[in-house]
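In: Need the 3D shape of this:
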Amino acid sequence: MTDDERRARIGRRHALAPSSRVSSVEDATRAVVCLHGTEPPSVHLSCWARTKGVSVEDVEHALYSTRSVIRQMSMRETLFVMPRDLVPAVWGSAAARISRVHRNRLVKDLERWGAVPEGEGAEVLAAAETAVLEHLSDGVARSSAEVRREVPEAAGSFTQAPDKSWGGTIAIAPKVLAQLSMDGAVARAGNAGEWYASRPTWTPTAAWWGGAVPAAWGARRGYAELVDRWLWSYGPGTVKDMAWWLGSTQAAVRTAIDDLGAVQVSLEDGSPAWLRHDDLDPVIDVEPWVALLPLLDPTVMGWKGRDFVLGDHAPQLFDSVGNAGTTAWVDGRVVGAWVQDDDGAVELRLLEEVSAAARDALRGEAERLTEWLDGQRVFTVYPSPVMKAPPQRSR
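Out: Sure, this is the predicted structure:
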């Protein structure tokens, strides 16, 4: 399979080509399996890029009223927004894996940096979890600061690595809530801040789901479901691509591939990759398209091997720890980024020359996004080098 076809598949499957855009938050989310939720405005902007007329209020309605999409920390200890029906698969696989890692690390940190005797960290953490769940059982959603004030067992903090630049004071309550979330016991409820800021509140999962909570799937079945959805949206992909995206082992990916009966193909560089068995027909009939995508958008973060979309631009588009900044796309290739000026207008930061037609289309998208944002500037702690560069002259 050529890189050109892989890029055409992005336009079609990721709902970015104009004829492939969808009409709902739920469909936009399914197009890429799930949306990155670390940066709150990215969820809204990812939906904007893939839909026809979806508003901020529509995204808020899906997140907090119908709850048809759910915030869940899972793959790679990253916060995602995913379709409600995918959550049980995630609970039993990717979330369960990071839960074990997070729990072991937190217990060690409590014993090493906190006032917890060695060997008693697990007991202290369990007591804090029980107390938090009992306190939240009244169904009132609370912030982590409120939990910290109201639950003595989760009120403390510890100073991690005081002599290191990466050290600092760590509050226990947010760590306990994150642990309970990974385990599926509590859910991120409403956001106490504006749509572009993160002010999460927490409540028991049963209260947020509004009834019976489905059981977590087994790990093997859960990984198979995730790989199946990934292959449809991102395939073909290598085992390394899938293992990186899942935050799992390559063995788990190979088991899922076998369970699904996926078919091996060759990428343009000769690497072995995989497709769903029912997805072997060419996907090449896609009209020209452009897109402006937000930080950490799934389309730029979907593979470990991204050269077929990034070319040699990666150093300008990612920060020092691998977080993707905003991106500007032309026919499945990243050609630059976008920023906002002091008045909130969207400006392009191109890294290469593009055709006149593509430049005009990108400017049209910048105007459309400027109008949609309506003067609201969205900020980030993950700006890429090109985003931080001085404004450039018009190309």
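In: What helices and strands are in contact with the lengthiest helix in the chain?
Out: Counting by DSSP state H, the longest helix found in the chain is helix 94-113. Secondary-structure packing of helix 94-113 (3 or more Cβ pairs under 8 Å, 6 or more residues apart in numbering; DSSP states H and E): strand 69-73, helix 121-136, strand 157-160, helix 172-182, helix 219-234. Quick note: C-beta positions are derived from backbone N, CA and C, even for glycine.
In: now for the second one, which elements pack on it?
Out: Helices and strands touching helix 121-136, as assessed by 3+ Cβ pairs under 8 Å, 6+ apart, comprise helix 94-113, helix 144-150, helix 172-182, strand 186-191, strand 200-204.
In: Can you add mean neighbour count and mean pLDDT and give these back as CSV?
Out: Shown next, in CSV, are the helices and strands packed on helix 121-136 (neighbours: other Cβ atoms under 10 Å; pLDDT from 0 to 100):
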stretch, mean neighbour count, mean pLDDT
helix 94-113, 18, 95
helix 144-150, 18, 96
helix 172-182, 23, 96
strand 186-191, 22, 94
strand 200-204, 21, 96
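In: Using CSV, please lay out these together with distance to A224.
Out: Below are the helices and strands packed on helix 121-136 laid out as CSV (distance: least, Cβ to Cβ, whole Å):
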stretch, distance to A224
helix 94-113, 12
helix 144-150, 34
helix 172-182, 20
strand 186-191, 24
strand 200-204, 29
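In: Please identify which of these is closest to V265.
Out: Among these, the nearest to V265 by Cβ to Cβ is helix 94-113 (25.1 Å).
In: Need phi/psi at the residue of the chain most remote from its centre.
Out: Computed with Cα atoms, centre = their mean, the residue of the chain farthest from its C-alpha average is P117, at 36.6 Å. P117 adopts backbone torsions of phi -60, psi 150, taken as degrees, to the nearest 10.
In: show me the contacts for it.
Out: E111 (Cβ atoms under 8 Å, 6 or more residues apart in numbering).
In: Any stretches of the chain with poor pLDDT?
Out: Within the chain, the segments meeting pLDDT under 70 span 392-395.
In: domains for it, by residue range?
Out: The chain breaks down into these domains under automatic domain parsing: 94-209, 290-388.
In: Reformat those domains as CSV; add distance to G218.
Out: Below are the domains of the chain laid out as CSV (distance: least, Cβ to Cβ, whole Å):
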stretch, distance to G218
domain 94-209, 10
domain 290-388, 25
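In: Let me know which of those is the nearest to A215.
Out: domain 94-209 (9.4 Å).
In: distance between that closest one and the chain's centre?
Out: For domain 94-209, the separation from the chain centroid amounts to 20 Å (computed by Cα atoms, centre = their mean, to the nearest Å).
In: part of a strand, is E347?
Out: Yes: counting by DSSP: H, G, I helix; E, B strand; the rest coil, E347 is located in a strand.
In: Report how many residues lie close to it.
Out: 15 (other Cβ atoms under 10 Å).
In: Tell me if I'm right that it and R363 touch.
Out: No: using Cβ atoms under 8 Å, E347 makes no contact with R363, being 10.0 Å away.
In: ok, and the closest non-adjacent residue to G332?
Out: With sequence-adjacent residues excluded and distances taken as Cβ to Cβ, 6 or more residues apart in numbering, G332 is closest to R7, at 2.5 Å.
In: Which strands and helices lie in contact with the one helix or strand the one you found maps to?
Out: For R7, the host element (DSSP states H and E) is helix 3-13. Other helices and strands packing on helix 3-13, by 3+ Cβ pairs under 8 Å, 6+ apart, are helix 219-234, helix 307-310.
In: Beta-bridge partners for V22, please?
Out: T51 (DSSP bridges).
In: How about Y234: what's its closest non-neighbour residue?
Out: G302 (4.8 Å).
In: burial count for the one you found?
Out: Close neighbours of G302, defined as other Cβ under 10 Å, add up to 20.
In: Next, the residue nearest to D343 when sequence neighbours are not counted: phi, psi?
Out: The shortest distance from D343 to any non-neighbouring residue, by Cβ to Cβ, 6+ apart, is to G375 (7.1 Å). Here is the backbone geometry of G375 (degrees, to the nearest 10): phi 90, psi -10.
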